[in-house]
Structure formats: structure tokens, C-alpha cells
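>>> Structure for this input, please:
(one chain, ligands or ions: 1)
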Amino acid sequence: MFGVPVSDVPVLSRSLHDRVGIRRTDESWLHTAWHSPEAKVLLLSPAATTPVDEHDHLVLLSPREDLVRGSEGSIRVLLGEAGGVTFFALLAADDGLATSVGARWAGLREVAVGLDDLEVGLLTTAVALRAWHDRHTHCPACGSPTVVVHSGWARHCPVDGSDHFPRTDPAVIMLVTDDQQRCLLARSAAWPPGRLSVLAGFVEAGESAEAAVAREVREEVGIEVIDIRYVASQPHPFPSSLMLGFTARVAGDSTLCPDLDEIVDAGWFTREQVRAARDWGTEQQGGPSVMLRALPPKLSIARQMIDAWVADGGAH
Ligand SMILES: [Zn+2]
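A predicted model of the protein is given here:
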């Protein structure tokens, strides 16, 4: 389909490496792994871009290269192992590395869809850790600067002795249907007219994911939902979300009342209408409705859920 790999697993959820968490504090194992000719290093710039080749696949380096050895102040992360190779990430402290590597540098959003499963798992993990380190340099308890430990997987406060681990903030994303086989799509105030997606929102403190689904739908478009079912999850490290995908059905009145704050447009759409919008610009068959002309990018779990619903054509 349009040259894009088809998989049931959301793009950023794909992964093939073993994280070997038990090795993160094994200094002698780490020393050996780092000096092995088989080791590979994924460089990540302060802007979370990485070197890619002419086909937009990752350019991984050997730790022996001067470039990697001379990366003063960078954070070294043990990503894991696959196929006998140990993978590290180097979260560069400044742009010096970026200018000294002769490849094009690209970000996860730009290249993820074309990467193989091993590559996308490595890069997604590195990007998530980069975002966490960049935003969590100090102890949340006492405010002191923390130091990186556990091969980049934790930070330690030398003043009060506390350890801190990478944050993941749960968010829910939900495909809501009605009894006429239509799905609810809405436009966030930040998006251009014609671009619609499913509803989403953060899980609040002390709240279950299911309750967050019902609350967000009620707040954003003023309807009640039932039959809330978990579908799949996808990391969304921009900077630290985990998207939890759900389906749900409208209960009672399906009249949509967008809150006009977060949501400015909302409507019920048939599979034919969604298919027309999705294929617009690629197949030029039919024509999209005025309100729905573009869907979220293939990278997103939103798009994966919409595509799955269109392909399903069944009862839901
Ligand atoms: Zn502290």
C-alpha cells in the first residue's frame, strides 16, 4: 500500500532488541561490550536528530571511532542487544558531533515509517531518553543537580540519595463509533481546516485510562460513551507520552457539541468518507468532504486505528 510496510503493530511500538536491563549496572560487561568491534552507536544530537543514509536508514557508528571517543559531556545509554550486536546511544552534549559527521541528520517523526523494526525500536528509545534527560537534570525532591547512572536509565541525587527514572505520561486516544457505522473525528484548534483525527487526552492523576476516555469525550464533544475497550499502545516520546488506544461507542444522544477551546470541529463520518480523505492526493479517486480532507500521519496510532476501522468494515 503506497510502498509503506503494513503491520498490525503501531510504527513506534515496533522493536527487535533485548533491552538487557540487568547489564545496566554491570561495569565489567559494559566495558567489554563498549570495546567490542561488534558494538554500534546511535548518535543523537541535542535536537534529537540522528545520521541517516541516502535511503533514510540509520547510520550507526563504531565506538572506536574518534568521534565517539571524543564526545565529552555526552550521555552514553545502553539500548540493548540484537543478533549478537550491542547497541548504545550517545546523547550528544552539543552540536559539535552533528557537524563532524558527513551524513544527513533526521528526526524520528521524519524517518520512522521507513525504518525497519530494529531501527525504529532503537531510535524511539533513544529519543525518549534524550527528552527525559533534557528535562530532568535536577532532583525533584531537593533541587540538586543529579548524575546519570544505570547506563543512562536513571539519575541519582548525591545530596539526598534518591534515584529517579524516566517518566512516561499515559494518554488515551479513542475511536468512537455510533450505531450507524460512523466514527467520530474532530479537529484540534492547532490544526489546519480539513485535518481531523480521533479524540485524545492525558490521563489525570488518580484516574483510570477508561475513566479518562469517558471524561475526555464528554469534555471535548459533549457525548457519553460506553463499551470502552483497549486496543493497543504506542510510545510517543514528544516528549514523554505513552498513547493508549481505545474504542468506544456513543450512548444515547450523539449530537456533538465541540468545546470550541481544544476542539473546533467535530463530526460523524462513514468509512467511505474517511477512505476518500485518506486516499486524497495519492489515488485521486472520489473526493473528500469539505470538512474532512486530511488524516493524521501514518506514524501515529490515531491513523493506525482509523485505518484499521476502515479496513474492518464489520460490526463496530
Ligand atoms: Zn535530591
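>>> Is it correct that Gly252 is in contact with Glu224?
Yes. With contact taken as C-beta atoms under 8 Å, Gly252 and Glu224 are classed as touching, separated by 5.9 Å. Glycine gets a C-beta too; all of them are placed from N, C-alpha and C.
>>> So these two - more neighbours on which side?
Neighbours of Gly252 and Glu224, each counted by other C-beta atoms under 10 Å, are more numerous for Glu224; the result is 14 against 9.
>>> Run through the bridge partners of that one.
Ala251 (DSSP bridges).
>>> All further residue positions should be reported with the first residue as 892.
New numbering, starting at 892: the last item is Glu1115.
>>> before we move on, which element is the nearest residue to Arg1120 once chain neighbours are set aside in?
Closest residue to Arg1120 apart from its sequence neighbours, by C-beta to C-beta, 6 or more residues apart in numbering: Thr1138 at 5.1 Å. Element membership for Thr1138 (DSSP states H and E) is strand 1132-1142.
>>> helix or strand right after that strand?
Moving toward the C-terminus from strand 1132-1142, the next helix or strand (DSSP H and E) is strand 1154-1160.
>>> Output the contacting helices and strands for that next one.
Applying 3 or more C-beta pairs under 8 Å, 6 or more residues apart in numbering; DSSP states H and E, one finds that strand 1154-1160 contacts strand 1074-1079, helix 1100-1112.
>>> Quick one: residues in contact with that strand.
Outside strand 1154-1160, the residues within contact range by C-beta atoms under 8 Å, 6 or more residues apart in numbering are 1069, 1071, 1073-1080, 1084, 1087, 1090, 1111-1112, 1145, 1147, 1149, 1180, 1182-1183.
>>> hmm, which of those are the buried ones?
The neighbour count (16 or more other C-beta atoms under 10 Å) marks 1073-1078, 1087, 1090, 1111-1112, 1145, 1147, 1149, 1180, 1182-1183 as buried among the contacts of strand 1154-1160.
>>> Determine which two of the residues you listed are furthest apart.
The largest separation in the buried ones among the contacts of strand 1154-1160, counting by C-beta to C-beta, is between Glu1111 and Ser1180 at 20.7 Å.
>>> quick one on the thing from earlier: how far off helix 1100-1112 does the strand holding Thr1138 point, in degrees?
When axes from the mean of the first three to the mean of the last three C-alpha atoms, to 10 degrees is applied, the directions of strand 1132-1142 and helix 1100-1112 differ by 70 degrees.
>>> so what's the residue nearest to Arg1120 scoring on pLDDT?
In the prediction, the pLDDT value recorded for Thr1138 is 97.
>>> Equivalent analysis for the one 4 residues further on, please.
According to the prediction, Ala1142 has pLDDT 96.
>>> The closest residue to Arg1073 other than its chain neighbours and the ion, how far apart?
Closest residue to Arg1073 apart from its sequence neighbours, by C-beta to C-beta, 6+ apart: Trp1159 at 3.9 Å. Separation of Trp1159 from the ion (C-beta to the ion, to the nearest Å): 51 Å.
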